[in-house]
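>>> Turn this into a structure:
(one chain, ligands or ions: 1)
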Amino acid sequence: MAKGEIIVGVCAAHSPRIAFPEKSGAVWQPLIAAMRRAADTLAERKPDVVVLVSAHWVTSFNIYVEASPRHKGVLTAMECPDLLRAIPYDFPGDPELANAIVERGKAAGMPIIATDEPSYVEDYGTIICLQYLTPKWDVPVVSLPVCLMSTLEESMQLGAAIREGVEQTGRRAAVVSSAAFAHNLVRGPERWPTPEEKAVDDHMIELMTEGRLATARALLPTFAHQAHYEMGGRTIATLLGALGDGWKGTFYGYGPSSGSGNPVIIFDRTKELAHA
Ligand SMILES: [Fe+2]
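Numbers count the residues shown, from 1 in each chain. Got it, this is the predicted structure:
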């Protein structure tokens, strides 16, 4: 089997305000356009599998990896059952890759467990994101949570386990962080982050689009603290840990949701490495 590789990385959005784009107001249209453009990019790259870390699957002690052969169910979000209710979903999984990630994570000393519980209900950070990124629901997905006991360092190590699992199983994978950056929530869905928080987001986006991912990893704890990153920045840490170095982001768009800042960024390998 040929060695697998991550072929694309994604910072993606999942605001409930973009779940039904035909009903979304003008303030969310740039974000919707950015997510659709990201979907076009994924369709061009044709990954074998999407590995998605969602800020709305939150665990306390263990890291889980969804290892079902098929993700099927109906989502009503606990957080907003009026906005997101009775949304059916049905898409393939990738148990072999999920189990490989678990194996690599265990080898690194993490409390990580594969789960294929049929009654498990996917979270909206996963479903809204996938509704855009894989609109035909035909690409296998391995979903992972944020674990509250994970430090940012462990979240980055989880990313390394994802990369090793992808390599081991020969997959060409997309790795997605489904999370806002700034996340100091306020009432008022159309509200933006404060200028100070937006400046922190802009700085992180600049590091990513300049390909300075080592600096982004080093400054993530500070930025996550300053702008109250969603789930402490853990999903971003996992994406950055999975990518390692030699990647450059392309900024697709940014939008607000109740005070949060939601960028859409696609990461490609830098040319030097691609030709190495
Ligand atoms: Fe969120």
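
>>> what stretches of the chain score poorly on pLDDT?
272-276 (pLDDT under 70).

>>> Let me see the ranges of the strands in it.
Listed in chain order, the strands of the chain (DSSP state E) span 5-12, 49-59, 63-66, 70-75, 87-92, 112-115, 141-147, 172-178, 247-257, 260-269.

>>> what are the ranges of the helices in the chain?
Per DSSP state H, the chain carries helices over the ranges 29-45, 95-107, 124-133, 152-169, 195-209, 213-226, 234-243, 271-274.

>>> re earlier: so can I have a markdown table of the strands of the chain showing distance to Ala33?
No exception for glycine: its C-beta is placed from N, CA and C like everyone else's. Shown next, in a markdown table, are those (distance: least, C-beta to C-beta, whole Å):
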| stretch | distance to Ala33 |
| --- | --- |
| strand 5-12 | 13 |
| strand 49-59 | 21 |
| strand 63-66 | 29 |
| strand 70-75 | 24 |
| strand 87-92 | 22 |
| strand 112-115 | 35 |
| strand 141-147 | 23 |
| strand 172-178 | 18 |
| strand 247-257 | 6 |
| strand 260-269 | 9 |
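
>>> Just put those strands in CSV and tack on distance to Ile162 and mean neighbour count.
Output for the strands of the chain, formatted as CSV (distance: least, C-beta to C-beta, whole Å; neighbours: other C-beta atoms under 10 Å):
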stretch, distance to Ile162, mean neighbour count
strand 5-12, 8, 23
strand 49-59, 5, 24
strand 63-66, 9, 24
strand 70-75, 18, 16
strand 87-92, 18, 14
strand 112-115, 11, 17
strand 141-147, 8, 27
strand 172-178, 6, 26
strand 247-257, 14, 21
strand 260-269, 14, 24
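
>>> Good, we can wrap up now.
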